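# pasting the sequence and the predicted model now:
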Amino acid sequence: MEAARPQPPSLGWSVVAFTDVDRDLLARCLERKPKAWEAFVDRFMGLVVHVVNHTAQSRSVRLTPQDREDLCAEVFLALLENDFAILRHFRGLSSLATYLTVVARRVVVRELLKRRAASKLAQANGANDVAAGGEPVEQRITDRDEVERLLEELSGHEADAVRLFHLEGKSYQEISSALGVPENSIGPLLSRAREKMRRAATAADSSQG
């Protein structure tokens, strides 16, 4: 019988047992056993979605379905980074669900703050254009020649994703198929690429000033 999915703690840290089910699942993930990560995501996706929704609501941020998917993807990407470094730091002093709730909240708050800062920057630059897919982008990187120039700052999937999205007008689903990566990773991938392009554009402006 499938183990019951963990419920998000209502009040921060709590003294809840680290269950045998979660101990086994965590161990299999850290050992990179087949299908372990997929099982981990399936078990804790509901918890992460809850944290994303609750954190956004507490900060009066309205999320689109795409925003929600992107933020969930950022949480799971953070867990994967540096060979599961965050999960390896878990000492079993609380339930795994409690630990993940705290981690997810920190990741979501960080991403919401980054988005707010990027939005303010866009407004300050007078960026009112909207790129394919309905995402606001700075005016100076919507020009095709400028995008081509700034693409030199990128490599791999980042460059491919920007080219497909901004120059060819492809959807997230089409980009996912073309690059062979999960659709819910396209948003974070584009965000990181655009941040690099913004920094490059700012550096270029400064050198010319």
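Nice, thanks for sending it over. All of these numbers come straight from a predicted model, not from anything done at the bench.

# the spatially most central residue of the chain: what's it in contact with?
When C-alpha atoms, centre = their mean is applied to the chain, the residue found nearest the centroid is residue 74 (2.3 Å). By C-beta atoms under 8 Å, 6 or more residues apart in numbering, the contact set of residue 74 is 107, 108, 111, 188. C-betas here are computed from N, CA, C, even on glycine.

# show me the domain layout of the chain.
20-121, 125-208 (automatic domain parsing).

# mean pLDDT per helix and strand in this structure: which one sits at the bottom?
Lowest on mean pLDDT, DSSP states H and E among the helices and strands of the chain sits strand 130-131, with a mean of 44.

# so where do the helices sit in this protein?
20-30, 36-58, 65-88, 96-124, 144-150, 156-162, 172-179, 186-208 (DSSP state H).

# now render the ones you listed as CSV, adding mean pLDDT.
Formatted as CSV, those follow (pLDDT from 0 to 100):
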stretch, mean pLDDT
helix 20-30, 95
helix 36-58, 94
helix 65-88, 91
helix 96-124, 82
helix 144-150, 64
helix 156-162, 82
helix 172-179, 86
helix 186-208, 72
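
# what's the burial count for residue 190?
23 (other C-beta atoms under 10 Å).

# for the one 5 residues further on, same thing?
Residue neighbour count, defined by other C-beta under 10 Å, stands at 12 for residue 195.

# ok, now how distant is it from residue 33?
As judged by C-beta to C-beta, to the nearest Å, residue 195 and residue 33 stand 34 Å apart.
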